[in-house]
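*Asks:* Let's see this in three dimensions:
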Amino acid sequence: MRQKASIILIIIAAVLVEITSIVQYLYAQEGIQEDVAHRAQGELRVKSLKIQNVMNEVEVAVREMAWAVERDIARPDSMLPVTLRLLADNDIIVGSAVAFEPYYYKDRGKQFSPYSFREGKHIYCKQLGTDQYDYHHMEWYTVPMHTGKGHWSEPYYDKGGGEMMMSTYSLPIRDKNGKAVAVLTADVSLDWLSKVINADQIYPSSKNLIISRTGKLLAYPVESLVMHSTVQHVTKDFEDTTAHFVNSQMMAGKSGQAEVRDNNGELYYVFYTPISLSNDSSYISSGGVDDSGWAMAVVCPDREIYYGLRKVLFNLTLLMLFGLALMGFIVWRTAKAAGRLAQINEEKERMRNDLRVASNIQKGMLPKTFPPFPERDDVDVYGSLVPAKEVGGDLYDFYIRDEKLFFCIGDVSGKGVPASLVMAVTRSLFRTVSAHEAMPDRILTTMNDSMTEMNETNMFVTFFAGVLDLPTGRLRYSNAGHCPPVLLRKAEPVPVNVPVNISVDTNIPLGVMKDWHYTLQEVQIEPPATIFLYTDGLTEAEDSHHAQFGEERMKQVINENETLRYENENGIPSELCATVTAAVEKFVNGAQQHDDLTMLAIRYTKQHRDMRLLRNLTLPNDVQAVPQLSDFIEKVCAALDIDDYTATQINLAMEEAVVNVMKYAYPVGTHGDIDIEAQADDVRLRFTITDSGKPFDPTARKEVDTTLSAEERPIGGLGIHLVRQIMDSMNYERLNGKNILTLRKKI
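*Replies:* Numbers count the residues shown, from 1 in each chain. Next up, the predicted model:
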């Protein structure tokens, strides 16, 4: 009877193993397919961005040099140095010309076009226009002259010019009457495309290709077809019409993926995306599609994608047969299975070690250096977190960017490891989003959308985020269902803390509902003052009779404790957290707690010093007025006895900042003034740049990674990067319809 039961058990186990194998195979196949899609799309994004960055860098370089051509258009001999400078400053550019209308300079002939080109490490010059090379009928000249806008030409072999495969970006040059009289060009060799497209392929047999807007092959595994054939010609004999659909989609500037079979019946997965070469809106067609650039595709063979899985399935089948035979032996040995208890104990110990490591990792994510800003005299911060278990779900964070203190506190629903994982994700999201966003409501909205999409466990986070502008004391904040912070202000005539709740709007916690727009609130903090934030683990701490500590008891502890008086200079934030923690421990008297205890205290004490200098300057929105700024800066620095090198650096930073305001706050065609105030005390020199233009926050730009190459680095941002490097701090505020940019330098 026992043997029969064992046989039945083996049969049932075999069936279950077979079903499990099939299910695992299907899930693995689906997972691999999703992984391939993600990897291919990621590769397309990375490589298209590399190409776009290079082309956009060329476009920006040409646009930035066009002013020099237009300024010196009356002097034909000054045209060649412009092309030389373009090549010298931009390694990716292999040729540059200034090509004029026929007989524009009557003494220079019909085709006047100074041209500089690169051969190896050397740069040469020549006259481009000749009877054999009549550029007036070439695409790179006719299109921009006709449209009046910048243009990327179709790739071509420049016989008589650069003598290579290239694409040319050309920009119309206008005379003082606004008439287009010439084009400034930059040639980009296409040799580097193959290196970019064939680097880091997903699979050894995968194929990458790039086509132009007309379908011409710019990069392709078969090098003999590059620039000599089109994607339509390569796929013209395909019986699978999906290939022709993919071709039309790519040339239409669309992205997507498809499955295509060749005439041998082999299946391929095709992923494609457009590569925009220009930000110029003139390339947007009536259908809303950007047809300015090229398209890129990644083709992955099905046989290679699933080769590993199918091999595993074959081996798994063999192992399963062996396992069935072995299972009979295991059934017989089950009764003698000793050591199970030891294995369980070992597993428990491993789990304890894992929890200990997780706890250390979690604590390592939180700020732990106090005081965090010893060099500052206007703010001090202290935070503490006591988890109820090995790992907890509470978090806090803070840092200073552009003279603004970004801070947050949160409480994840649930306990243990799941809550700690959500806590880690939440803290990382706060750092990532706030790195390029200064408004707390938008920070919370973005975090909520991201957390909702990946919230498969239905956990949520109560969260409070604030941004304290240190120069002005203006606190912007947004709340997501968290406890309202307490503001401790100085009371007269006795300098003690008066705890008052900061008013917060009712908003849902993070991770509950997508597309929820969190409200923005604001309050003016008058120093000296302390902002005290906490989680409900403080107010809901229970003693052995289940009585709670409560908010009123918390305020009473703060109000009555003598160590928190404002004449005490021994570190109010740390004293505050230590006092409240001691009061909670005394209240619970050893009772086990079920929630984390987290506090964050921020003391704001803005210092006031006597003014040494106050001067003002008003400039029109015109770069021609920049020399007035230089004279103004020189006089300010001279009055403060600032050395020549530092004065030159300050002047450079101020020019970059003011020109940025002229360029972005006042769009082309609009006029306005820019007010500049210089104010200095014994410690710092402060410049305040004010304009009434459209909202423009230069501090919102990400830090430029100067370690990257020109191809990898995003276009723009070097000017603001220079200002950040020279000045000690940069702060932006939008007040009463005006942009206010403040730059500070210690003197």
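*Asks:* By mean pLDDT, point me to the weakest helix or strand of this protein.
*Replies:* In the chain, the helix or strand scored least confidently by mean pLDDT, DSSP states H and E is helix 340-365, which has a mean of 68.
*Asks:* Just list what the very next helix or strand once past that helix packs against, helices and strands only.
*Replies:* Per DSSP states H and E, helix 340-365 leads on to strand 379-386 as the next helix or strand towards the C-terminus. Applying 3 or more CB pairs under 8 Å, 6 or more residues apart in numbering; DSSP states H and E, one finds that strand 379-386 contacts strand 394-401, strand 404-412, helix 572-588, strand 597-604. Using the backbone N, CA and C atoms, a C-beta is placed for each residue, glycine as well.
*Asks:* how does it look with 10 Å?
*Replies:* strand 394-401, strand 404-412, strand 529-534, helix 536-539, helix 572-588, strand 597-604 (3 or more CB pairs under 10 Å, 6 or more residues apart in numbering; DSSP states H and E).
*Asks:* what's the angle between the fifth one and strand 597-604?
*Replies:* Going back to what we said before, that points to helix 572-588. In terms of direction (axes from the mean of the first three to the mean of the last three CA atoms, to 10 degrees), helix 572-588 departs from strand 597-604 by 150 degrees.
*Asks:* now helix 572-588, how far from the centre of its chain.
*Replies:* The chain centroid and the centroid of helix 572-588 are separated by 39 Å under CA atoms, centre = their mean, to the nearest Å.
*Asks:* Could you dump the helices and strands packed on strand 379-386 into a markdown table with mean neighbour count and distance to residue 388 added?
*Replies:* Shown next, in a markdown table, are the helices and strands packed on strand 379-386 (neighbours: other CB atoms under 10 Å; distance: least, CB to CB, whole Å):
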| stretch | mean neighbour count | distance to residue 388 |
| --- | --- | --- |
| strand 394-401 | 22 | 9 |
| strand 404-412 | 26 | 12 |
| strand 529-534 | 24 | 15 |
| helix 536-539 | 21 | 7 |
| helix 572-588 | 18 | 11 |
| strand 597-604 | 25 | 8 |
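*Asks:* so which of these comes closest to residue 724?
*Replies:* strand 394-401 (10.6 Å; CB to CB).
*Asks:* Let me see the mean pLDDT of the closest one.
*Replies:* For strand 394-401, the mean pLDDT works out to 94.
*Asks:* Give the pairing partners of that strand; include direction for each.
*Replies:* strand 404-412 (antiparallel) (DSSP bridges).
*Asks:* following the strand it pairs with, which helix or strand shows up next?
*Replies:* helix 416-434.
*Asks:* Low-confidence regions, the stretch 151-300 of the chain specifically.
*Replies:* Under the criterion pLDDT under 70, the flagged ranges of the stretch 151-300 of the chain are 278-293.
*Asks:* from what I can see, residue 630 looks like it's in a helix, true?
*Replies:* Yes - judged by DSSP: H, G, I helix; E, B strand; the rest coil, residue 630 forms part of a helix.
*Asks:* What residues does the nearest residue to it once chain neighbours are set aside make contact with?
*Replies:* Distance criterion CB to CB, 6 or more residues apart in numbering; nearest residue to residue 630, sequence neighbours excluded, is residue 651 at 5.6 Å. Residue 651 is in contact with 629-634, 636-637, 726, counting by CB atoms under 10 Å, 6 or more residues apart in numbering.
*Asks:* longest helix in this protein, by residue count?
*Replies:* helix 2-71 (DSSP state H).
*Asks:* Show me how far it is from its chain's centre.
*Replies:* Using CA atoms, centre = their mean, the distance between the centre of helix 2-71 and that of its chain works out at 21 Å.
*Asks:* And the next helix or strand past that helix?
*Replies:* Going down the chain from helix 2-71, the next helix or strand is helix 79-89, by DSSP H and E.
*Asks:* helices or strands next to that following helix in the packing?
*Replies:* helix 2-71, strand 93-100, strand 114-119, strand 122-127, strand 180-189.
*Asks:* do that again at 7 Å, thanks
*Replies:* For helix 79-89, the packing partners by 3 or more CB pairs under 7 Å, 6 or more residues apart in numbering; DSSP states H and E come out as helix 2-71, strand 93-100, strand 114-119, strand 122-127.
*Asks:* circling back to that earlier point, show me which of the contacts of residue 651 are buried.
*Replies:* With burial judged by 16 or more other CB atoms under 10 Å, the buried subset of the contacts of residue 651 is 629, 632-634, 636-637, 726.
*Asks:* Could you export the residues you listed to a markdown table, including columns for secondary structure, pLDDT and distance to residue 437?
*Replies:* Below are the buried ones among the contacts of residue 651 laid out as a markdown table (DSSP: H, G, I helix; E, B strand; the rest coil; pLDDT from 0 to 100; distance: CB to CB, whole Å):
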| residue | secondary structure | pLDDT | distance to residue 437 |
| --- | --- | --- | --- |
| 629 | helix | 94 | 30 |
| 632 | helix | 95 | 33 |
| 633 | helix | 94 | 32 |
| 634 | helix | 94 | 37 |
| 636 | helix | 94 | 33 |
| 637 | helix | 94 | 35 |
| 726 | helix | 91 | 25 |
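*Asks:* Which pair of those spans the longest distance?
*Replies:* Spanning the widest gap among the buried ones among the contacts of residue 651 are 632 and 726, at 16.9 Å by CB to CB.
*Asks:* re the thing from before, which of the contacts of residue 651 sits closest to residue 511?
*Replies:* Using CB to CB, the contacts of residue 651 come closest to residue 511 at residue 726, 41.8 Å.
*Asks:* Correct me if wrong: the closest one contacts residue 649.
*Replies:* Yes - counting by CB atoms under 7 Å, residue 726 touches residue 649, with 4.8 Å between them.
*Asks:* sorry, back to before: am I right that the residue nearest to residue 630 sits in a strand?
*Replies:* No - counting by three-state DSSP, residue 651 falls outside a strand, being helix.
*Asks:* Next one: residue 80 relative to residue 628, how far apart?
*Replies:* As judged by CB to CB, to the nearest Å, residue 80 and residue 628 stand 32 Å apart.
*Asks:* more crowded one of these two?
*Replies:* Taking neighbours as other CB atoms under 10 Å, residue 80 and residue 628 compare with residue 80 leading, 18 against 14.
*Asks:* contacting residues around the more buried one?
*Replies:* 114, 116, 125 (CB atoms under 7 Å, 6 or more residues apart in numbering).
*Asks:* Kindly recompute the last result at 6 Å.
*Replies:* By CB atoms under 6 Å, 6 or more residues apart in numbering, the contact list for residue 80 reads 114, 125.
*Asks:* Per-residue pLDDT of it, please?
*Replies:* Reported pLDDT for residue 80: 91.
*Asks:* Next one: it from residue 113, what distance?
*Replies:* Distance, residue 80 to residue 113, using CB to CB: 10 Å.
*Asks:* Repeat that for residue 403.
*Replies:* Residue 403 is 50 Å from residue 113, by CB to CB.
*Asks:* what do you get for residue 555?
*Replies:* Applying CB to CB, the value for residue 555 to residue 113 is 79 Å.
*Asks:* and what of residue 605?
*Replies:* 65 Å.
*Asks:* So for these two, which sits in the more crowded spot?
*Replies:* Applying other CB under 10 Å to residue 605 and residue 113 shows that residue 113 carries more neighbours, namely 24 against 16.
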